[in-house]
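Novice: below is the structure, and that's it, no one-letter string:
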């Protein structure tokens with residue numbers, strides 16, 4: 001067990017957190033691709049594309065944040 005931000009985080013929990021972030025990123029990328037395709041065919045608006053881009057950026061940032069925290073605390 002490792003102590004992080006006032007709490008204890010098991011190795012399994014760390015794996016789960018990282019896997020969830022990776023899954024969210026994968027989902028955001030798929031959504032971005034689908035939204036771009038729909039935009040190209042006229043089925044999605046500029047707003048839809050912007051929202052998909054923001055969701056992708058957020059998912060990327062979350063995954064990066066988790067990996068940075070794990071790196072700081074020398075989690076594998």
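Specialist: Yep, that arrived. What you see is a predicted model, and the numbers here were worked out from it, not measured in a lab.

Novice: helix or strand: which one has residue 29?
Specialist: If you go by DSSP states H and E, residue 29 is part of helix 11-40.

Novice: in the helix or strand following that helix, which residues are buried?
Specialist: Next in sequence after helix 11-40, counting helices and strands by DSSP H and E, comes helix 46-72. Of the residues in helix 46-72, 48, 49, 52, 55, 56, 59, 62, 63, 66, 69, 70 count as buried by neighbour count, 16 or more other Cβ atoms under 10 Å. In short, each C-beta sits where N, CA and C put it, glycine included.

Novice: one more: stretch 10-27?
Specialist: 14, 17, 18, 21, 24, 25.

Novice: that older thread, show me what the helix holding residue 29 packs onto, helices and strands only.
Specialist: Using 3 or more Cβ pairs under 8 Å, 6 or more residues apart in numbering; DSSP states H and E, the elements in contact with helix 11-40 are helix 46-72.

Novice: rerun that using 10 Å as the cut-off
Specialist: Applying 3 or more Cβ pairs under 10 Å, 6 or more residues apart in numbering; DSSP states H and E, one finds that helix 11-40 contacts strand 2-4, strand 7-9, helix 46-72.

Novice: possible to save the buried residues of helix 46-72 as CSV with distance to residue 41 and pLDDT?
Specialist: Below are the buried residues of helix 46-72 laid out as CSV (distance: Cβ to Cβ, whole Å; pLDDT from 0 to 100):
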residue, distance to residue 41, pLDDT
48, 12, 98
49, 12, 98
52, 15, 98
55, 20, 98
56, 20, 98
59, 24, 98
62, 30, 98
63, 30, 98
66, 35, 96
69, 40, 92
70, 40, 92
